[in-house]
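1. any chance you can model this:
(chains A and B)
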Number of protein chains: 2
Amino acid sequence: MTFTEKVAAIVEAHHSLLCIGLDSDVDKLPVGVNQLTFNKAIIDATHDIVAAYKPNTAFYEALGAEGIETLKAICEYIGQVCPEVPILLDAKRADIGNTNLGYVQFAYDYLGADAITLHPYLGREALEPFLERADKGAIVLCRTSNPGAGEFQDRYIDGHKLYEHVAKMVATDWNGNGNCMLVVGATYPDEAAAIRQIVGDDMWFLVPGVGAQGGDVEQLMKAAQNSRGDGLLISSSRDIIFASSGTDFAEAARKRAESLRDEINTYRKG
Amino acid sequence: MTFTEKVAAIVEAHHSLLCIGLDSDVDKLPVGVNQLTFNKAIIDATHDIVAAYKPNTAFYEALGAEGIETLKAICEYIGQVCPEVPILLDAKRADIGNTNLGYVQFAYDYLGADAITLHPYLGREALEPFLERADKGAIVLCRTSNPGAGEFQDRYIDGHKLYEHVAKMVATDWNGNGNCMLVVGATYPDEAAAIRQIVGDDMWFLVPGVGAQGGDVEQLMKAAQNSRGDGLLISSSRDIIFASSGTDFAEAARKRAESLRDEINTYRKG
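-> Numbering: from 1, shown residues only, chains lettered A, B, ... in the order given. Predicted structure coming up:
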């Protein structure tokens, strides 16, 4: 099964476009709960209603080697409890060709992730070690969710913005193995619509920015879903995993996740 | 002492613009030598003739938590043996604002690095957690050394190439704390000259790409040094650290490093 087939299968099976961001900032954990215990509880409580998990490496690297061990244990736990749910490693890497082999080894062999997020600035040639792994996903930053995303991404090149060029190149040139996705921020629905227009129905978007960052689900769904009513993995992190800071944190996370999954489904076509 | 003062001081003290890339790919280590022992021997043999060390995280992350521990031990060793030599963490990170705090913690607090390399794609606003650390260096990818670097970096925006816009924004807007540098590949001397023209004398460049990647020292020096005969940290990795695969690897690395340092100095102004 290819990466894209794995995504399509879980979206169908769980009737869900929801991705939970496992951004377990240690300063926000409930009292007496460590990072691993916290994530296991979140996974136990939500794995039947999600389409993906997205751990962001920064929250684990902050703790050094110990954090990396925790991240590995979390990925292994997902592999045991719900191997059908893809792990999207939000690592935002990209180096020159050979050096990327180290990140390939880290993400796919060591952690067992299904996909990794990547910066486009170095171009396709540099990213070949990721792109050629046909069994794994290469999720390229296209239009990011942050307030200052437009500084370079919105600059015009030959009448089109840089992020539109990135979308076009990924769709038409980088995606020979059918394993590419794009990162498209929920905070910019007009840009998301423009990208859907460029890449057509078959490209999946990883969409951060709903919830704490202010992205609106209805606007996003109208702008960016494909004609089949999917094509999006909508990621929420803090709003779900820190829904409660009490001992009921996992239960509260499930309620919030169910609610967001249902809200998203309300706006799906077909 | 600020980061830039630390760089200027070591360049003066060691009469060297040479940066050694500690890219200790485990598949290339001499028989029976582990990553930590290897790097300690390289550091022992070269610390009095370099201006910086540049460990690339990919070669350590490839080994997971164990690799991160090794990387930390290497950084600590540099701090013991030659605290005056800056550690440039070649991590090529960049996430949205708050998330970058995790990488700040990893690079500066956990590893004790002096600077980190960063992708510019998300814009200044996202990178503030790095930029506001006035005591540390933010080294922004501008024109990278890889063959396919031009795919986006060379596209024209208002008559200037994207990498030129990055250079200009970093120099005029991002560098309020005077702690920014630019990554400029030695493989593109014309582009390096254009960037020097844009940013003036006071911005330091981190220059990978001499040696194995094909960059020519004479061309680079003529194109990119500033009017004071410095402004460049020229990085070489494989050519130096793997100069010999025998038991004399450290001695061979020193010879190669001395030779490159001297070749670089031949072309310095003044």
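2. how about the helices in chain A?
-> A:3-14, A:35-46, A:58-61, A:65-81, A:97-104, A:124-131, A:150-153, A:162-169, A:189-199, A:217-224, A:238-241, A:249-266 (DSSP state H).
3. of the ones you listed, flag the one that's most buried.
-> The highest average neighbour count among these, using mean count of other CB atoms under 10 Å in any protein chain shown, belongs to helix A:58-61 at a mean of 26. C-beta here means a position set from N, CA and C on the backbone, and glycine is covered the same way.
4. elements contacting that one?
-> helix A:65-81, helix B:97-104 (3 or more CB pairs under 8 Å, 6 or more residues apart in numbering or on different chains; DSSP states H and E).
5. A:Asp154 is nearest to which of the ones you listed?
-> Set against A:Asp154 and scored by CB to CB, those come closest in helix B:97-104, at 18.0 Å.
6. hmm, that closest one touching chain A?
-> Yes: residues of helix B:97-104 contacting chain A under CB under 8 Å from any CB of the partner chain: B:Gly97, B:Thr99, B:Asn100, B:Leu101, B:Gly102, B:Tyr103.
7. average pLDDT for that helix?
-> Per-residue pLDDT over helix B:97-104 has a mean of 95.
8. now the angle between helix B:124-131 and that helix, please.
-> Helix B:97-104 runs at 30 degrees relative to helix B:124-131, counting by axes from the mean of the first three to the mean of the last three CA atoms, to 10 degrees.
9. tell me which of the residues of helix B:97-104 next to chain A is nearest to chain A?
-> Chain A lies nearest to B:Gly102 out of those, by CB to the nearest CB, at 3.1 Å.
10. without its sequence neighbours, what residue ends up closest to the closest one?
-> Nearest non-adjacent residue to B:Gly102, counting by CB to CB, 6 or more residues apart in numbering or on different chains: A:Ala58, 3.1 Å away.
11. so what's the residue nearest to A:Asp239 when sequence neighbours are not counted up against?
-> Spatial nearest neighbour of A:Asp239, chain neighbours left out: A:Gly211 (3.5 Å); criterion: CB to CB, 6+ apart. Remark: with contacts taken as CB atoms under 8 Å, 6 or more residues apart in numbering or on different chains, A:Gly211 is in contact with A:Ser236, A:Ser237, A:Arg238, A:Asp239, A:Ile240, A:Leu260.
12. please apply the same query to A:Val104.
-> Residues in contact with A:Val104, defined by CB under 8 Å, 6+ apart, are A:Pro129, A:Phe130, A:Arg133.
13. ok, back up a step: so the residue nearest to B:Gly102 sits right up against B:Ala94, yeah?
-> No: if you go by CB atoms under 8 Å, A:Ala58 and B:Ala94 don't touch, sitting 10.3 Å apart.
14. residue with max distance from the center of chain A?
-> Distance from the C-alpha centroid of chain A, by CA atoms, centre = their mean, peaks at A:Asp158 (29.9 Å).
15. where does the stretch 101-250 of chain A dip in pLDDT?
-> Within the stretch 101-250 of chain A, no stretch has pLDDT under 70.
16. apply 90 and report the result again.
-> A:211-215 (pLDDT under 90).
17. distance of A:Thr144 from chain B?
-> Remark: distance between A:Thr144 and chain B (CB to the nearest CB, to the nearest Å) = 5 Å.
18. that residue reaches A:Gln153, doesn't it?
-> Yes: assessed by CB under 8 Å, A:Thr144 is found in contact with A:Gln153 at 6.9 Å.
19. give me the common contacts of these two.
-> Applying CB under 8 Å, 6+ apart, one finds that A:Thr144 and A:Gln153 are jointly contacted by B:Tyr121.
20. what's the spacing between the residue most central in space within chain A and A:Cys142?
-> Taking CA atoms, centre = their mean as the criterion, A:Leu206 is the residue nearest the geometric centre of chain A, at 4.6 Å. In this view, A:Leu206 and A:Cys142 are 10 Å apart by CB to CB, to the nearest Å.
21. and for those two, which residues touch both?
-> When contacts are counted by CB under 8 Å, 6+ apart, the set common to A:Leu206 and A:Cys142 consists of A:Leu182, A:Val183, A:Val184.
22. residues in contact with the residue nearest to A:Val31 when sequence neighbours are not counted?
-> Setting aside the residues directly before and after it, A:Val31 is nearest to A:Ser245 in space (CB to CB, 6+ apart), at 8.0 Å. A:Ser245 makes contacts with A:Lys28, A:Pro30, A:Val31, as judged by CB under 8 Å, 6+ apart.
23. so which of the residues you listed would you say is closest to chain B?
-> A:Lys28 (10.9 Å).
24. now do A:Glu84: how many residues are near it, please.
-> The local packing of A:Glu84 (other CB atoms under 10 Å in any protein chain shown) involves 12 other residues.
25. over to A:Leu233?
-> For A:Leu233, the neighbour count with other CB under 10 Å is 26.
26. so what's the closest residue to it other than its chain neighbours up against?
-> Among residues not flanking A:Leu233 along the chain, A:Cys19 sits closest, at 4.4 Å (CB to CB, 6+ apart). Residues in contact with A:Cys19 (CB under 8 Å, 6+ apart) are A:Val50, A:Ala51, A:Ala52, A:Tyr53, A:Lys54, A:Leu88, A:Leu206, A:Leu233, A:Ile234, A:Ser235, A:Ser236.
27. can you pull the contacts of A:Ala115?
-> A:Ala115 sits next to A:Phe3, A:Pro86, A:Ile87, A:Leu88, A:Leu89, A:Lys136, A:Gly137, A:Ala138, A:Ile139, A:Met181 when contact means CB under 8 Å, 6+ apart.
28. just checking, A:Thr99 touches B:Asp23?
-> Yes: using CB under 8 Å, A:Thr99 is in contact with B:Asp23, at 7.2 Å.
29. picking that back up, any figure for the gap between the residue nearest to A:Asp239 and A:Arg238?
-> Distance from A:Gly211 to A:Arg238, by CB to CB: 7 Å.
30. over to the residue nearest to A:Ala13 when sequence neighbours are not counted: give its phi and psi.
-> Spatially, and ignoring its direct neighbours in sequence, A:Ala13 is nearest to A:Glu84 (7.0 Å; CB to CB, 6+ apart). Main-chain torsions, A:Glu84, degrees, to the nearest 10: phi -80, psi -10.
31. nearest to B:Ala113 among the residues of helix B:97-104 next to chain A?
-> Set against B:Ala113, the nearest of the residues of helix B:97-104 next to chain A by CB to CB is B:Tyr103 (10.6 Å).
32. if you drop the residues flanking it in sequence, what lies closest to that closest one?
-> B:Arg93 (4.7 Å).
33. do I have it right that that neighbour meets B:Pro120?
-> No: at 11.6 Å, B:Arg93 does not count as touching B:Pro120 under the criterion of CB under 8 Å.
34. ok, A:Ala243 - contacts?
-> A:Phe249, A:Ala252, A:Ala253, A:Lys255, A:Arg256.
35. and for A:Thr99 and B:Asp23, which residues touch both?
-> B:Asn56, B:Phe59.
36. residue in the stretch 151-270 of chain A nearest to chain B?
-> Closest point on the stretch 151-270 of chain A to chain B, by CB to the nearest CB, is A:Glu151, at 3.2 Å.
37. for that residue, which non-adjacent residue is closest in space?
-> Leaving aside its sequence neighbours, A:Glu151 sits nearest to B:Gly123 (CB to CB, 6+ apart; 3.2 Å).
38. that neighbour and A:Ser145 touch, don't they?
-> No: taking contacts as CB under 8 Å, B:Gly123 lies outside contact range of A:Ser145: 11.9 Å.
39. how near is the spatially closest residue to A:Gln153 that is not a sequence neighbour to A:Asp202?
-> Spatial nearest neighbour of A:Gln153, excluding adjacent residues (CB to CB, 6+ apart): A:Tyr163 at 4.3 Å. Distance from A:Tyr163 to A:Asp202, counting by CB to CB: 19 Å.
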